[in-house]
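[1] Sequence and predicted structure below; questions after.
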Amino acid sequence: MRNRFDEQLEQLHVELIRMGALCEDAISFASRTLMGESGLADQVYKVDHEIDQKEREIEALCMRLLLQQQPVASDLRQVSSALKMISDMERIGDQASDIAEISSYISGNGADSRLHIRDMAEATIQMVTRSIDSFVKQDLDIAREVIQYDDVVDDLFCKVKQELIALLGQEPIDKQTGEVCIDLLMVAKYFERIGDHATNIAEWVEYSITGVHEE
């Protein structure tokens, strides 16, 4: 019975890695769409659909682990944490799709603030990757690094806001530029939210290890 449980738990780890990789792809494709690469928005929507499907598959696996096996307390924390984590990963896919949709309206615009939005994209991909890694390895140090790294994404968001304020403060400014600035602020906010979701994942990893969840 325990061997079967361990096999299913290992399968859970593998599926979470796959879902995390899909989240990374979605963020990367969305970022590249924002930078003007054509044909990638549809890829984001496709990956988002795959993320939704993966969430359902992992949820079913977790239910089998809980109902068919007899997990001890530490195992139960891992499974319950995984259920929370896939919810955050599903939201990451949704927000990547939102970024891709907005990017289709502003593609080709050379706003200088995109430099820091690109930095935000790279930072959030790193946070997602490391948060999943911390779960699979059950590494508390990595999880806490991710939680602390959210400050980097928040700082980048503030930089983007300041850049956009400076751009809007230039005279004269046309309607199109104003609309682009608003769209870019929305994109930056989505990246900031993705960072929050990665932080949530890391906090659930911390709970799976310690049994304590910080609110």
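    Nice, I can see it. Numbers count the residues shown, from 1 in each chain.
[2] And the helices in this protein?
    In the chain, the helices defined using DSSP state H lie at 2-34, 41-68, 73-106, 114-137, 140-168, 175-210.
[3] mind putting those helices in a markdown table, mean neighbour count included?
    All C-beta spots, glycine's among them, are computed from the backbone N, C-alpha and C. Listed next are those as a markdown table, based on neighbours: other Cβ atoms under 10 Å:
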| stretch | mean neighbour count |
| --- | --- |
| helix 2-34 | 19 |
| helix 41-68 | 17 |
| helix 73-106 | 20 |
| helix 114-137 | 21 |
| helix 140-168 | 17 |
| helix 175-210 | 21 |
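[4] can I get those helices in TSV with mean pLDDT?
    TSV is the format used below for the helices of the chain (pLDDT from 0 to 100):
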stretch	mean pLDDT
helix 2-34	90
helix 41-68	94
helix 73-106	92
helix 114-137	88
helix 140-168	93
helix 175-210	91
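[5] Could you check how far the closest residue to Q69 other than its chain neighbours is from L12?
    Take Q69 and drop its neighbours on the chain: the residue closest to it by Cβ to Cβ, 6 or more residues apart in numbering is F5, 4.4 Å away. According to Cβ to Cβ, to the nearest Å, F5 and L12 sit 10 Å apart.
[6] again, but for A202
    To L12, A202 is 18 Å away according to Cβ to Cβ.
[7] how close does the residue nearest to Q69 sit to S208?
    F5 is 16 Å from S208, by Cβ to Cβ.
[8] cool, and V14?
    For V14 relative to S208 (Cβ to Cβ), the value is 17 Å.
[9] Same check on C158?
    Here the criterion is Cβ to Cβ. By it, C158 lies 32 Å from S208.
[10] Likewise for S103?
    Note on S103: its distance to S208, by Cβ to Cβ, is 35 Å.
[11] same check, this time on Q162
    To S208, Q162 is 38 Å away according to Cβ to Cβ.
[12] before we move on, what about A60?
    Distance, A60 to S208, by Cβ to Cβ: 20 Å.
[13] same deal with S74?
    S74 sits 8 Å away from S208, going by Cβ to Cβ.
[14] Over to I132?
    Distance check for I132 against S208: by Cβ to Cβ, it reads 12 Å.
[15] ok, now Y190?
    In terms of Cβ to Cβ, Y190 sits 27 Å off from S208.
[16] quick one on the thing from earlier: name the residues contacting each of F5 and L12.
    The contact sets of F5 and L12 overlap at L65 (Cβ atoms under 8 Å, 6 or more residues apart in numbering).
[17] my guess is A26 contacts G93, does it?
    Yes: with contact defined as Cβ atoms under 8 Å, A26 reaches G93; the gap is 5.2 Å.
[18] what is in contact with those two at once?
    Residues touching both A26 and G93 (Cβ under 8 Å, 6+ apart): V47, D48, I51.
[19] Can you tell me which of those is closest to R64?
    I51 (20.6 Å; Cβ to Cβ).
[20] And the closest one, how close does it get to L61?
    For I51, the distance to L61 equals 15 Å [Cβ to Cβ].
[21] what do you get for Q138?
    18 Å.
[22] E101 too?
    E101 sits 31 Å away from L61 when distances are taken as Cβ to Cβ.
[23] Ok, D155 next?
    Relative to L61, D155 is positioned 37 Å away (Cβ to Cβ).
[24] and what of A96?
    24 Å.
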